[in-house]
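Trainee: Structural data only, the sequence is not supplied:
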């Protein structure tokens, strides 16, 4: 194995070895000599001068020359021709798509087997790394890992239910290639070319420089699939009954004619029926309702079965509902219907009402007995103390339900401060009352009224209401005459709902309508200060949770059944949890207590159920930076064409030379130091 150098011209620098030798031997010639007439006053030189051209410290000189020679040899890039370690011809990164959609027809197992086959037959001149595409791209095997370790890690991979980004995976692969040794750089995607994944980041600026891309071939433009998504559950009260409304989306594509849907709640079957899919829209909304105990956690799951179905992993969703915690409402109203609706006989277990007296509001102003919601009629706004109570609730994040039953000078001024401009009142004739024309049913208050079981809101008649113009509120209900009747303000920390009429027979027929009690309950629930953290997440998603005020917990424990998954510290009342990658229900407890404080439901992303593929995606071409591979120096140097710098760095010879040069410099420093001490 002859020794060669990648840059042999560097050896011209070896001429510099003569410089320290010449400076070491040369003695400066004396000039400006002064002659004396006699030398008897000068001391005799005890010994004759040594020859100026005779080297004295041979070991020190040899060490210096050796250090310089080794450093020069290192910069000349030596290598052994025919060595076992060959230069790297290509650096290759495999992106293994392990999102939920790749489970269709066992595609992940096919890709994993193909990757293991490619890894086993790759030569020593090929660098291989593997990136797993999940919610966050993960390096399974790097360029420095040996093939046996990489093979074992790949075999341990299992199908996931997560959704990931092609862009993030390609950026991770590009970062690996930027530090690779290969002459060529290549990214190979082992996936399914899902259309919505490619279209997510199509406008990203190009970032792949001199990188070749290999994309998979699409076997079919679309695969048949049945899936469930977006489960929603809500508890309402009708009289003394606690009812649960449940909705879930059923999406179908392909030739499946029927599907069987099953809903289980706390181990009991709530719904088990067959759904006809022929001549039906692609997405169906399934509904169910049942009576449930309000003081217990509700844990359920819904599943669907049908054939053909290429992706069974999205056939099941999970949901939960927290037990009812009795709320507190402070009432300052004269409406007998409102006071009756909030009485213990009707709202026991749901709301505990405290009826205030206008002349005794000291406790409310002091904030010692704050309720969750304040229910107030506008006729009381004449009092300055009442207005202070109203502002106290709104500025402290509490809810307020304001019923404009009467316009007064003091009340009008207060309404303007709240963002509402009174424009008089409307009084209908007895034989021609006004009614609801438009209701925003997507709002949480009115969404349950999509079902006729809770009453038809269009049957409500209005005879007297205030005309209000809002500058910072969202109208939720309009009358037939186009007047806004019910608002949600967006101006204050607390939630403010304003009704342009009072809840008594003089203003509306609503107090004797069957929808009155559910409406009142839903409005108070919506006004109540609540935890805005969602209860449903996608696999491996991060949940940011603000703990309830007054909580003394120092740790939050995430569990799966009786097993502890993760502990997260509480910092400034907030906690950060990464949820598991498997769908299911995961309870949360505080510290070492066993009481369940919250249940997170983890469900797959509905986007992963869209098994629509594209043959030639546009994004990869847009991500590549145009330019010719290689440089002028590489084309002009035939030696570099055979052996590149990367190949030199793989051999130990260069590293030993650099280490020897460093050791020689250290030895020279030690010898020079001893020489000075001796002198």
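Mentor: In hand now; what should we look at? What you see is a predicted model, and the numbers here were worked out from it, not measured in a lab. Numbering: from 1, shown residues only.

Trainee: okay, and for the stretch 251-400 of the chain, where does confidence drop off?
Mentor: Along the stretch 251-400 of the chain, segments meeting pLDDT under 70 span 367.

Trainee: Ok, the chain next?
Mentor: 1-58, 74-77, 79-87, 238-240, 367, 530-532, 549-550, 627-654, 679.

Trainee: Longest helix of it, counting residues only.
Mentor: helix 652-678 (DSSP state H).

Trainee: Relative to the whole chain's centre, how far out is that one?
Mentor: Helix 652-678 sits 53 Å away from the centroid of its parent chain (CA atoms, centre = their mean, to the nearest Å).

Trainee: what comes up buried for that helix?
Mentor: Under the neighbour-count criterion of 16 or more other CB atoms under 10 Å, helix 652-678 has 653, 654, 657, 660, 661, 664, 665, 667, 668, 671 buried. For every residue, glycine as well, the C-beta is placed using N, CA and C.

Trainee: same thing with stretch 615-630?
Mentor: 617, 619, 620, 623.

Trainee: May I see the residues you listed arranged in JSON lines, with distance to residue 324 and secondary structure as well?
Mentor: Shown next, in JSON lines, are the buried residues of stretch 615-630 (distance: CB to CB, whole Å; DSSP: H, G, I helix; E, B strand; the rest coil):
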{"residue": "617", "distance to residue 324": "49", "secondary structure": "coil"}
{"residue": "619", "distance to residue 324": "48", "secondary structure": "helix"}
{"residue": "620", "distance to residue 324": "52", "secondary structure": "helix"}
{"residue": "623", "distance to residue 324": "52", "secondary structure": "helix"}
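
Trainee: and which of these is nearest to residue 474?
Mentor: residue 619 (38.2 Å; CB to CB).

Trainee: Verify the stated contact: the closest one with residue 206.
Mentor: No - using CB atoms under 8 Å, residue 619 makes no contact with residue 206, being 10.4 Å away.

Trainee: circling back: so which of the buried residues of stretch 615-630 is the closest to residue 588?
Mentor: Out of those, the member with the shortest distance to residue 588 (by CB to CB) is residue 619, at 38.4 Å.

Trainee: follow-up on the earlier one: a markdown table please, covering the buried residues of helix 652-678 and showing distance to residue 144.
Mentor: Supplementary listing: these in a markdown table, determined by distance: CB to CB, whole Å:
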| residue | distance to residue 144 |
| --- | --- |
| 653 | 20 |
| 654 | 18 |
| 657 | 22 |
| 660 | 25 |
| 661 | 25 |
| 664 | 29 |
| 665 | 29 |
| 667 | 32 |
| 668 | 34 |
| 671 | 38 |
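
Trainee: now, which of these sits nearest residue 515?
Mentor: residue 654 (84.1 Å).

Trainee: How far does stretch 210-229 stretch from one end to the other?
Mentor: The first and last residues of stretch 210-229 sit 41 Å apart, counting by CA to CA, to the nearest Å.

Trainee: Show me what counts as buried in that stretch.
Mentor: Buried residues in stretch 210-229 (16+ other CB under 10 Å): 211, 213, 215, 216, 218, 223, 224, 225, 226, 227, 228, 229.

Trainee: Would you mind putting the residues you listed into TSV with secondary structure and distance to residue 468 alongside?
Mentor: TSV is the format used below for the buried residues of stretch 210-229 (DSSP: H, G, I helix; E, B strand; the rest coil; distance: CB to CB, whole Å):
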residue	secondary structure	distance to residue 468
211	coil	62
213	strand	60
215	coil	59
216	coil	60
218	coil	58
223	coil	54
224	coil	53
225	strand	49
226	strand	48
227	strand	45
228	strand	43
229	strand	39
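
Trainee: Many thanks, have a good one.
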